[in-house]
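[1] Prediction below, plus the sequence it came from.
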Amino acid sequence: MKPTALNLSPSFLALASHATEAKDWHMRELFAQDPQRFEKYSLDAAGLFLDFSKNRFKQNTLTLLLALARERGVEAQRTAMFAGEKINITEGRAVLHTALRAPHDAQLHVDGQDVSADVHAVLAQMQGFSERVRNGEWTGHTGRAITDIVNIGIGGSDLGPAMVCGALRSYRHARLTMHFVANVDGHDLDAVLAAVDPETTLFIVASKTFTTAETMLNAHSARSWFLRHGSEKDLARHFVAVSTNTAGVTAFGIDPANMFRFWDWVGGRYSIWSAIGLPVMLAIGYEGFRAFLDGAHGMDKHFRTAPLEKNMPVLLALVGVWNRNFLDSGSLTIAPYHHDLRRFAAYLQQLDMESNGKSVTREGAPVTAATGPVVWGEIGTNSQHAYFQLLHQGTDLVPVDFIASLQPTHDLPGHQASLLANCFAQSEAFMRGKTAAEVRAELQAQAMPAAQIDALVPHKVFAGNRPSNTILLPALTPSMLGALIALYEHKVFVQGVIWDINSYDQWGVELGKVLAQSILGELQGKPAGEHDSSTRGLIALARQRL
Ligand code: G6Q
């Protein structure tokens, strides 16, 4: 049955009318009116803590949002995803990243394939290989142990392992340094090659399709670089692949015995849990990787079984829908207050924007309400000294997700308390703001002349009432990082269901994969094609230099 257009659904209409009242609420008052607001609007799940009380809503807002989730079929779609139904309708695929982190005894068959057995067979292969590299048994061609691992991949085959290896830096093997090359810009690979030794470097060519132009060019260049130092027969000790394309891997010259498989039901941006996570297992070991998977599985269990009103990914998603569709916020800032999470915003940017950056419904009709926000961000406290100004006093409403861990993995005195103090102070300031009376009192206490105070007050007033969530981890462990990523994956899923879009295709990315091909030919000497004058002029300029 065709679903009702979102903007005509009863709960959406009720929320739209409710939002006209909400325009007059200030969170200061909401907190003053309800001393239990924090207790009511915060929860624990899978080891994480979420405080969503600093958003502009009342209990009846939440009731309406939960009704919207039910009306849009979140529960049924959740069941369909976990059961391996082909919810990625434009590609005819199941969406089963949750199966990658399920325990050994989980039973799941899709199209006659024993998904669980396949997943655990590859995990065992990864374990055997990573243990040999880590204990020095797997050596380079001259018998020296591996010291550097270079992952060559892009998008989903780069951002996940790069972010997770950075985040779990303090758990890494002391001998192994991880490098990530994604960009077709040769400066990326060049910088890495300048820093590594061909005798002790292992390249992982990571590509689901094994056809992505950037990755193939980088892999071929790395291969040529290696062959200046070693011979063809030595390649097997220095190149392994992660892919779904055995023929492509073999054609490149990588022994299929050194290939780690995954499957078309693993989307690129959801692939960190698959063999794409091989750099993570090499860096932190099998046990660490298993803990990472288990942490995510803990969040899966919570998401799958908790009632919607006590379900962390659902509540995070609903607050996001409220901000996006009813308070007109166009973007979401991610502010991790943990230095090792410095690629986290970039990771979430892909997860969220590639999934929910869509403007037609699952049935192919234009959407009738705004979909995914622009997701961006940087670590705190650095971001406070850069763009937080606009978040405090600019004209756009930009909700913030603060993410912090209570325990650090360093033992430098004083830093952690200072970091957390900043994180909590910012969320308080976004919520409270500062009134003209408060500013005036502050300036009077400094004995400033009245005329000067009058001139300064408007500049120093903060409206406040700016929404934020705070997510706390006990510590940034493999397991808690797994839970955190899974939280956002399910949040994105819930929003996609509410907006009735396919969160699992990415035609925009596919377009990018073919667009440059014809111009590349022209830059390399083929006759110029049909272009506008700007593109023609740029190609001509570049041809003079290439
Ligand atoms: C992710 C996207 C995209 C993809 C890259 C790399 O969901 O599909 O980012 O991961 O384009 O693709 P390959 O792994 O096939 O090289």
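    That came through fine. Numbering: from 1, shown residues only.

[2] contacts and neighbour counts: CA atoms only from here.
    Will do.

[3] For the strand or helix carrying V319, which outside residues touch it?
    In this assignment (DSSP states H and E), V319 forms part of helix 312-321. Helix 312-321 is touched from outside by 43-45, 50, 52, 55, 65-66, 69, 303, 308-309, 487-488, 490-492, 494-495, with contacts defined as CA atoms under 8 Å, 6 or more residues apart in numbering.

[4] Which among those residues count as buried?
    43, 45, 50, 52, 55, 65-66, 69, 303, 308, 487-488, 490-492, 494-495 (16 or more other CA atoms under 10 Å).

[5] From those, which land in helices?
    Among the buried ones among the contacts of helix 312-321, the subset assigned to helices under DSSP state H consists of L65, L66, A69, F303, L487, Y488, H490, K491, V492, V494, Q495.

[6] ok, for the fifth one, nearest residue in space, not its chain neighbours?
    In other words, L487. Computed as CA to CA, 6 or more residues apart in numbering, the closest residue to L487 that is not its neighbour in sequence is P313, at 5.4 Å.

[7] residues from the chain in reach of the ligand?
    Within the chain, the positions near the ligand by CA under 6 Å from any ligand atom are I154, G155, G156, S157, S207, K208, T209, F210, T212, G267, G268, R269.

[8] Pick the one among those residues closest to L15.
    R269 (31.8 Å; CA to CA).

[9] so that closest one touches G156, yeah?
    Yes. Here R269 reaches G156: they are 4.2 Å apart, a contact under CA atoms under 8 Å.

[10] Could you check how many residues crowd around the residue lying closest to R28 once chain neighbours are set aside?
    Nearest residue to R28, sequence neighbours excluded (CA to CA, 6+ apart): R432, at 5.5 Å. When counting by other CA atoms under 10 Å, one arrives at 20 neighbours for R432.

[11] list the contacts for R432?
    R432 touches M27, R28, A463, G464, N465, counting by CA under 8 Å, 6+ apart.

[12] What subset of those residues is buried?
    Buried among the contacts of R432 (16+ other CA under 10 Å): M27, R28, A463, G464, N465.

[13] that older thread, closest to P35 among the residues of the chain next to the ligand?
    Nearest to P35 among the residues of the chain next to the ligand, with distances taken as CA to CA, is R269, at 40.7 Å.

[14] Return the residues in contact with the closest one.
    G155, G156, S157, G160, Q350, L351.

[15] what's the most distant pair in those?
    Counting by CA to CA, the most remote pair of the contacts of R269 is S157 and L351, 12.3 Å apart.

[16] Based on its surroundings, how many neighbours for the spatially closest residue to L68 that is not a sequence neighbour?
    Among residues not flanking L68 along the chain, S11 sits closest, at 5.0 Å (CA to CA, 6+ apart). Neighbour count for S11, taken as other CA under 10 Å: 21.

[17] in whichever strand or helix holds S11, what's buried?
    Element membership of S11, judged by DSSP H and E, is helix 10-22. Residues of helix 10-22 classed as buried under the neighbour-count rule (16+ other CA under 10 Å) are S11, F12, L15, A16, A19, A22.

[18] same thing with stretch 109-118?
    Buried residues in stretch 109-118 (16+ other CA under 10 Å): V115, S116, A117.

[19] Which of those fall in helices?
    V115, S116, A117.

[20] The spatially most central residue of the chain: what secondary structure?
    The centroid of the chain falls nearest to L348 when counting by CA atoms, centre = their mean (2.2 Å). Assigned with DSSP: H, G, I helix; E, B strand; the rest coil, L348 falls in the helix class.

[21] check contacts around it.
    V375, Y488.

[22] Check L293 too.
    L100, R101, A102, W273, S479, G482 are the contacts of L293 under CA under 8 Å, 6+ apart.

[23] what separates P478 from P10, distance-wise?
    42 Å (CA to CA, to the nearest Å).

[24] hang on, the earlier thing: name the member of the contacts of R269 with the most neighbours.
    G160 (30 neighbours).

[25] for the record, mean pLDDT for the host helix or strand of that one?
    Element membership of G160, judged by DSSP H and E, is helix 159-167. The average pLDDT within helix 159-167 is 98.

[26] what's that helix in contact with?
    With CA under 8 Å, 6+ apart as the criterion, helix 159-167 contacts 172, 178, 180, 269, 271-272, 276-280, 283, 340-344, 346-347, 476, 481.

[27] follow-up on the earlier one: would you turn the contacts of R432 into CSV with pLDDT and secondary structure?
    What follows is these, written out as CSV (pLDDT from 0 to 100; DSSP: H, G, I helix; E, B strand; the rest coil):
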residue, pLDDT, secondary structure
M27, 98, helix
R28, 98, helix
A463, 96, coil
G464, 98, coil
N465, 98, coil
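
[28] if we take those, which one ends up nearest to V242?
    Among those, and counting by CA to CA, the member closest to V242 is N465, at 47.0 Å.

[29] ok, the residue lying closest to the closest one once chain neighbours are set aside to W499 distance?
    Distances taken as CA to CA, 6+ apart place M431 nearest to N465, at 4.7 Å, with adjacent residues excluded. Remark: distance between M431 and W499 (CA to CA) = 28 Å.

[30] quick one on the thing from earlier: and which of the ones in helices among the buried ones among the contacts of helix 312-321 is nearest R223?
    So of those, ranked by how close each gets to R223 (CA to CA), first place is Y488, at 36.7 Å.

[31] Check the burial of the closest residue to that closest one other than its chain neighbours by counting its neighbours.
    Nearest non-adjacent residue to Y488, counting by CA to CA, 6+ apart: P313, 6.8 Å away. For P313, the neighbour count with other CA under 10 Å is 26.

[32] per-residue confidence at A346?
    Reported pLDDT for A346: 98.

[33] and what of G512?
    80.

[34] What strand or helix carries it?
    Per DSSP H and E: helix 507-523 holds G512.

[35] What are the buried residues along that helix?
    Neighbour count says helix 507-523 has I519, L523 buried, by 16+ other CA under 10 Å.

[36] thinking again about what came up before, mean confidence for the helix or strand where the residue nearest to N465 lies?
    Using DSSP H and E, M431 sits in helix 415-432. What helix 415-432 shows for mean pLDDT is 98.

[37] Which parts of it count as buried, going by neighbours?
    Those would be Q416, L419, L420, N422, C423, Q426, S427, E428, A429, F430, M431, R432, for helix 415-432 by 16+ other CA under 10 Å.

[38] Please identify which pair of those lies farthest apart.
    Top of the distance list for these (CA to CA): Q416 and R432, 24.1 Å.

[39] Many thanks, I have nothing further to ask.
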